[in-house]
Structures are given as structure tokens and as C-alpha cells.
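Asks: Quick one, what's the 3D model for this:
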Amino acid sequence: MKLSSVTMTLAACLIVDTAQAHAHLEKSVPADGSTLRAAPAAVEMAFSEAAQLTALWLQKDQEPKQAIKELPTGANRTQRVALPTLAPGAYTLTWRVVAADGHVSSGAVHFTISPKRAMSAYSGH
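Replies: As a prediction, the model looks like this:
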């Protein structure tokens, strides 16, 4: 009975250790699920460990994905990438990184750029 308990504890530790071996996105600007009043000039992604950004795609609504070609070089915990001019709409930014240990991770950030507010009929006079 005690051997089984020890075995389960060791297995749990290995699973946790393995899960932490992959670089995962801790934070992004724009944040996942955010709604922005203005289009961002760049995206900034902070990872749990140094990682090389190997691919980045941008998709607006149901339009085809566009590959972002100019990616930073080198493995860093924070990656910043300039974005093209974005019109109002819902966007998905899909990324792929390779950590220093060779593990590949990927994910997506979703954000919306709201249309400009219509001019109010009330002029404030």
C-alpha cells in the first residue's frame, strides 16, 4: 500500500515537471479576449521561459490567415512584433515558439478592435 502511494507521488511529480518544460504564454498585449478602441502597432508576448518565435499568423474575422514575416531573432522571454495596420474587427493571432530545450509550443490570442464611435448628434453646446 505504501509503495503504491510513493509511486503515485513520483508519477505526479514527473507529470508536473514535464508540463512545466514547455514555454507557455503568460501574458500578451493586447490581452487575450480584449476589446481595443484603437489598433495596436505591435503585439508583445511574455513567455514562461526563453523561446524563439518561429511562426506568427494574423487572421481577421473569417478572412484567410496572413503570415507575419518579420519575426524577432533569438530566444527571449518577451517577444515584440510589429503588426500591419489593422481595421476594426475580430482578430486571432496564432503563434508558435521553440524553447531552448527544443520543445515546440503554440497558441492563439484573440482580440477585437471596435469600430470608431459614431459622432454624437449632441454637439456639447
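Asks: I'd guessed Val113 sits against Ala87; true?
Replies: Just so we're on the same page, residue 113 is Ile rather than Val. Yes. Applying CB atoms under 8 Å, one finds Ile113 in contact with Ala87, separated by 7.2 Å. No exception for glycine: its C-beta is placed from N, CA and C like everyone else's.
Asks: Compare these two and say which is more crowded by neighbours.
Replies: Each of Ile113 and Ala87 has its neighbours counted (other CB atoms under 10 Å); Ile113 has more, 20 against 10.
Asks: Quickly list what His60 is bridged to.
Replies: Actually, residue 60 is Lys. It isn't His. Here Lys60 sits in beta bridges with Tyr91, going by DSSP bridges.
Asks: Tell me the pLDDT of it.
Replies: Each residue has a pLDDT score; the one for Lys60 is 98.
Asks: The chain should start at 49 in everything you say after this.
Replies: New numbering, starting at 49: the last item is Lys108.
Asks: residue contacts, it?
Replies: Residues counted as contacts of Lys108 (CB atoms under 8 Å, 6 or more residues apart in numbering) are Leu134, Ala135, Gly137, Ala138, Tyr139.
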